[in-house]
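> Provided below are the primary sequence and the corresponding predicted coordinates.
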Amino acid sequence: MRFLNGSLIALFACCVLSSPLAAQVVFDNNDGTFTSTSNSGGTLSLSGSSLTQITGLTAYGIPSSAVTNEGSVSFTTGTMTSGSIMAGGTFSAAGSTFTIVYQSGAIFTGSFTGSGPTWSNLGGSYVLSGTVNGMLTVPGYNPAMVMGASFNLSSTGVTCAAGNGPCTATDGGGVTTFTTTPHLTPSPVPEPGTLMLLGSGLVGLGIFARSRRWMVKS
């Protein structure tokens with residue numbers, strides 16, 4: 001019976017430790033500007049968009065609360081392969097970038113996947129959606145690969161220059177979601193004994209170098 005109780009306690013502890021890792025990771029952003037190099041055949045980028053909230057990373061020291069002005073979301077697509085900015089279309093994933101910055105460093109860097117993101121005209125408003133692959137980086141942990149993260153970014157209205165000129169739109173907010181939370185493992189920290197041995201070795205090398213220099217002078 002004692003063994004059974006111990007097993008149940010261990011199983012319960014395992015479930016408690018694993019539960020935070022089962023939740024989705026969601027990055028919310030708002031504001032910023034979408035810019036396309038042309039109405040058709042160009043690339044689309046997002047700049048100046050603020051990271052407003054992160055959820056799902058509390059187990060790794062990232063608070064699940066509003067983080068307004070503590071980060072940013074930006075991207076650049078490949079060239080438009082079909083349609084247009086005004087009517088809607090599809091962008092290539094080739095050469096694309098997708099970056100989420102939290103505080104002073106990039107927390108996620110990646111690129112669009114598959115046939116590329118889709119720019120949909122919803123009757124005056126627009127939505128860019130698709131998936132990205134990339135690397136999640138949290139201080140104190142080894143980076144983890146993220147596959148198939150989904151994103152959905154909206155905009156309010158589009159303005160294009162005459163002809164096939166550049167186009168701009170205002171970011172209306174959006175989310176980037178990791179449907180499966182990456183399992184981050186702690187970064188190895190040198191043990192005090194290892195640091196002492198390293199220091200002793202460096203001191204020894206210094207004494208040896210000085211001894212050789214003295215012998216050469218003699």
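On my side now, so go ahead.
> use CA for all of it now, contacts and neighbours both
OK.
> Quickly list the domain ranges of the chain.
Structural domains assigned to the chain are 21-187, 190-218, following automatic domain parsing.
> got the buried residues for stretch 131-148?
Neighbour-count burial for stretch 131-148, counted by 16 or more other Cα atoms under 10 Å, picks out 131-138, 143-144, 146-148.
> How about stretch 49-57?
In stretch 49-57, counting by 16+ other Cα under 10 Å, buried: 49, 50, 51, 52, 53, 54, 55, 56, 57.
> gap between the closest residue to the first one other than its chain neighbours and residue 150?
Ranked by Cα to Cα, 6 or more residues apart in numbering and with sequence neighbours excluded, the top spatial neighbour of residue 49 is residue 32, at 3.8 Å. For residue 32, the distance to residue 150 (Cα to Cα, to the nearest Å) stands at 20 Å.
> more crowded one of those two?
residue 32 (20 against 17; other Cα atoms under 10 Å).
> Return the residues in contact with the more buried one.
Residues counted as contacts of residue 32 (Cα atoms under 8 Å, 6 or more residues apart in numbering) are 46, 47, 48, 49, 50, 170, 171.
> just the buried members of the residues you listed?
Applying 16+ other Cα under 10 Å to those flags 46, 47, 49, 50, 170, 171 as buried.
> returning to that earlier point: so which of the domains of the chain has the densest surroundings on average?
Mean neighbours per residue, mean count of other Cα atoms under 10 Å, is largest over these for domain 21-187, with a mean of 19.
> Show me where the chain has its strands.
Read by DSSP state E, the chain holds these strands, from start to end of the chain: 25-30, 33-36, 44-55, 71-76, 80-84, 88-91, 97-102, 105-112, 118-121, 125-136, 144-160, 167-178.
> Any chance of JSON lines for those strands, columns distance to residue 61 and mean pLDDT?
Output for the strands of the chain, formatted as JSON lines (distance: least, Cα to Cα, whole Å; pLDDT from 0 to 100):
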{"stretch": "strand 25-30", "distance to residue 61": "13", "mean pLDDT": "94"}
{"stretch": "strand 33-36", "distance to residue 61": "30", "mean pLDDT": "97"}
{"stretch": "strand 44-55", "distance to residue 61": "11", "mean pLDDT": "94"}
{"stretch": "strand 71-76", "distance to residue 61": "16", "mean pLDDT": "96"}
{"stretch": "strand 80-84", "distance to residue 61": "39", "mean pLDDT": "97"}
{"stretch": "strand 88-91", "distance to residue 61": "35", "mean pLDDT": "97"}
{"stretch": "strand 97-102", "distance to residue 61": "12", "mean pLDDT": "96"}
{"stretch": "strand 105-112", "distance to residue 61": "13", "mean pLDDT": "95"}
{"stretch": "strand 118-121", "distance to residue 61": "34", "mean pLDDT": "97"}
{"stretch": "strand 125-136", "distance to residue 61": "14", "mean pLDDT": "97"}
{"stretch": "strand 144-160", "distance to residue 61": "16", "mean pLDDT": "94"}
{"stretch": "strand 167-178", "distance to residue 61": "17", "mean pLDDT": "95"}
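> quick one, which of those is nearest to residue 187?
strand 144-160 (11.5 Å; Cα to Cα).
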